[in-house]
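Participant: After the sequence you'll find the predicted model.
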Amino acid sequence: MAWWGKLAGGAFGFMFGGPLGALLGAVFGHQFDKGVKMIGGREDMTERTQAAFFTATFAVMGHIAKADGRVSEAEISQARSIMGQMRLSEAQREIAIKLFNAGKADDFDLEATLDQFKAECHRRTNLIRFFLEIQIMTAMADGILHDEERNTLLNIATRLGIPRGYFEQLLHLAQGFDPSAGHAGAGARSPKALLNDAYELLDITPTANDAEIKRAYRRLMNQHHPDKLVSRGMPEEMIEIANRKSQEIRKAYDIIRDHRKSRSSATG
């Protein structure tokens, strides 16, 4: 939480100007120095990226929530849920809510915010993709991805340099994977449905061989590894969200592996 301590404590030397700085300045009630110099230390740069991630996450989350014309209770609950998973302090939660509300404003500059956020990530692709996953989670909070929300998410992905195919995969990942969950009120998922979900989440087909499945699993686990994401600029407070996503990926892999083992035993 070093980045937050510096921000809340008024040590803005590592902070930035631009739209992210303007958002923070507005919610903190401070005027940031537009000419502040960049500090070259790796630790300072990581803290700068963490502050940018936190700021952009909640502001863009507010913009996404309003994409279909109104902010639903489910979307507000999802935002609060993410804040809860992050175990934000009262002060952090207050700032996050203010950023969320700023993102809902008609004059919110989404493109400029995304451009600065991307620049602050310094080509850290996994960090950018995880940011988009969080936005997708917000959009799908009510169980429906409206056309306006999907179009906004696709525009965000394009602006951040995420290919269309990977954007579609992130939609699957954001749906989550819980073998114990019911489906549309119809009770527990069938084993076949769970298996199909698992293949979909790992972005592979049932015809993939074992080596291809393992590569897909390792690639996704590497992209969602909490420690790696934090080292690249994800706020420490978001580690629980990354942990949960890693658990879902592991569950999907286990479902596929167990199915193949049982099938091999039956035919052996």
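Facilitator: Here it is on my side, so go on.
Participant: By residue count, what's the longest helix in the protein?
Facilitator: Taking DSSP state H as the criterion, the chain has its longest helix at helix 239-267.
Participant: in that one, what's buried?
Facilitator: Under the neighbour-count criterion of 16 or more other Cβ atoms under 10 Å, helix 239-267 has 239, 241-242, 245-246, 248-249, 251-253, 255-256, 259 buried. (Each C-beta comes from the backbone N, C-alpha and C, glycine too.)
Participant: Reformat those residues as TSV; add pLDDT and distance to residue 59.
Facilitator: Formatted as TSV, the entries for the buried residues of helix 239-267 read as follows, by pLDDT from 0 to 100; distance: Cβ to Cβ, whole Å:
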residue	pLDDT	distance to residue 59
239	81	21
241	80	17
242	83	20
245	84	22
246	88	26
248	87	26
249	89	28
251	91	32
252	90	31
253	92	34
255	93	37
256	94	38
259	91	42
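Participant: Nearest to residue 125 among the residues you listed?
Facilitator: Distance to residue 125, by Cβ to Cβ, is smallest for residue 242 among the buried residues of helix 239-267, at 15.0 Å.
Participant: Would you check that the closest one makes contact with residue 231?
Facilitator: No - under the criterion of Cβ atoms under 8 Å, residue 242 lies out of contact with residue 231, with a separation of 11.8 Å.
Participant: What's the first helix or strand after the helix or strand encompassing residue 50?
Facilitator: Under the criterion of DSSP states H and E, residue 50 resides in helix 42-65. Once the chain leaves helix 42-65, the next helix or strand it forms, by DSSP H and E, is helix 73-85.
Participant: Now do that following helix and helix 239-267, the angle between them.
Facilitator: Between helix 73-85 and helix 239-267, the angle comes out at 100 degrees (axes from the mean of the first three to the mean of the last three Cα atoms, to 10 degrees).
Participant: Farthest-apart pair in the buried residues of helix 239-267, please.
Facilitator: Every pair of the buried residues of helix 239-267 checked by Cβ to Cβ; the farthest is 239 and 259, at 30.7 Å.
Participant: Buried residues, the helix holding residue 50. List them.
Facilitator: Neighbour counts using 16+ other Cβ under 10 Å place 44-65 of helix 42-65 among the buried residues.
Participant: for the chain, which spans come out with low pLDDT?
Facilitator: Segments of the chain classed as low confidence (criterion: pLDDT under 70) are 1-2, 6-15, 30-44, 175-189, 266-268.
Participant: domains of it?
Facilitator: 1-162, 176-268 (automatic domain parsing).
Participant: Now do stretch 127-134: everything it contacts.
Facilitator: 49, 53, 56-57, 61, 82, 117-118, 121, 153, 156-157, 160-162, 166-167, 170, 173-174, 223-224, 229, 232-234, 238, 241-242, 245 (Cβ atoms under 8 Å, 6 or more residues apart in numbering).
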